[in-house]
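1. Quick one: sequence and predicted model below, then my questions.
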Amino acid sequence: MHPWNAEAVQRAMQVYLVMGSVNTKQDPMEVLRQAIAGGITLFQFREKGTGALVGEARITLAMRLREVCSQHGVPFIVNDDVELAVAVEADGVHVGQDDADAALVRARIGDGRMLGVSAHSVDEARRALQAGANYLGVGPMYPTPSKADAHAVLGPAVVAELRAAGIAVPIVGIGGITPDTTAAVMAAGADGVAVISAIAGAANVCAAAAQFAAAVRGMQA
Ligand SMILES: C=C1C=NC(C(F)(F)F)=NC1=N
């Protein structure tokens, strides 16, 4: 477990695929392989919502996806389910505001793993950092088809607001982002974009991931 310093986390944030079995009609393993071939830099296993797997099937899928990430050197993050993250030796955990308390998660996973926390405001961001977050997931940037109980749409402006308030940690925007809106999220000060349906639901997953990678890197050159 190499320590996740800010530079390593920032690099991982660029093209961040978030997916669970409910986000695709294809085989999640195949979608992940295609997305990695297209250039994603981080993967989050988020098995949530109607129809989400539980029990053995959930653990088996997590282990298989974790294996694909290990084979390709892509860090593997688990959303919310801290015990599953520990069980599959994930590289990190992502928790939302109404998930487990970030400070307790940090204590459980130790300092060698990445901790991501969702934030919708400067206040939530500051509290997340005090709890030991390595990065912030900020959104929804745009209307999202992937999260039924999503927070009100914030837009990229909230990323600029966090930067103006001196929040310097890696930030990834999430929520309804497409290759065409990636530049606006990056211009506002994000280090990358987190994507569910625009990649997991794409007809050509590899091409979709590559479009996001090009859009992000076009803004960093
Ligand atoms: C609710 C979430 C908010 N942000 C992120 C990410 F962008 F990946 F950090 N993931 C989530 N599951």
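-> Structure's in. What do you need? Numbering: from 1, shown residues only.
2. what number of residues lie near the nearest residue to A125 once chain neighbours are set aside?
-> What sits nearest to A125 in space, not counting adjacent residues and going by CB to CB, 6 or more residues apart in numbering, is A119, at 4.2 Å. For every residue, glycine as well, the C-beta is placed using N, CA and C. As a burial measure, A119 scores 27 neighbours (other CB atoms under 10 Å).
3. Same check on R64?
-> Neighbour tally, R64, other CB under 10 Å: 13.
4. what do you get for P145?
-> By other CB under 10 Å, 13 other residues sit near P145.
5. Tell me if I'm right that it and S197 touch.
-> Yes - in this structure, P145 is within contact of S197 by CB atoms under 8 Å, at 5.4 Å.
6. before we move on, back to that, what is the residue nearest to A125 paired to in the beta sheet?
-> For A119, the beta-bridge partners are V138 (DSSP bridges).
7. OK, contacts around it?
-> By CB atoms under 8 Å, 6 or more residues apart in numbering, the contact set of A119 is 97, 125, 128, 136-138, 162.
8. For the residues you listed, name the two members farthest from one another.
-> For those, the farthest-apart pair by CB to CB is Q97 and L162; their separation is 14.8 Å.
9. Which one of the two is surrounded by more residues?
-> More crowded of Q97 and L162, by other CB under 10 Å: L162, with 24 against 14.
10. Once you drop chain neighbours, what's closest to that one?
-> Nearest residue to L162 in three dimensions, chain neighbours excluded: A125, at 5.5 Å (CB to CB, 6+ apart).
11. Now do the contacts for that neighbour.
-> Contacts of A125 by CB under 8 Å, 6+ apart are 119, 136, 138, 162, 165, 167.
12. Same list, those residues, but as TSV with distance to the ligand please.
-> Putting these into TSV (distance: CB to the nearest ligand atom, whole Å) gives the following:
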residue	distance to the ligand
A119	9
L136	7
V138	7
L162	14
A165	19
I167	14
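13. The residue nearest to L162 belongs to a strand?
-> No - secondary structure of A125 (DSSP: H, G, I helix; E, B strand; the rest coil): helix, not part of a strand.
14. Can you check the pLDDT for it?
-> On the pLDDT scale, A125 is placed at 97.
15. List the contacts of whichever residue of the chain sits closest to the ligand.
-> Closest to the ligand within the chain is G137: 2.3 Å, counting by CB to the nearest ligand atom. Shown in contact with G137 (CB under 8 Å, 6+ apart): 94, 116-119, 172, 174, 194.
16. how about the helices in the protein?
-> For the chain, helices defined by DSSP state H occupy the ranges 6-12, 28-38, 55-72, 82-87, 102-109, 122-130, 157-164, 182-187, 197-200, 205-218.
17. Fine by me, we can end here.
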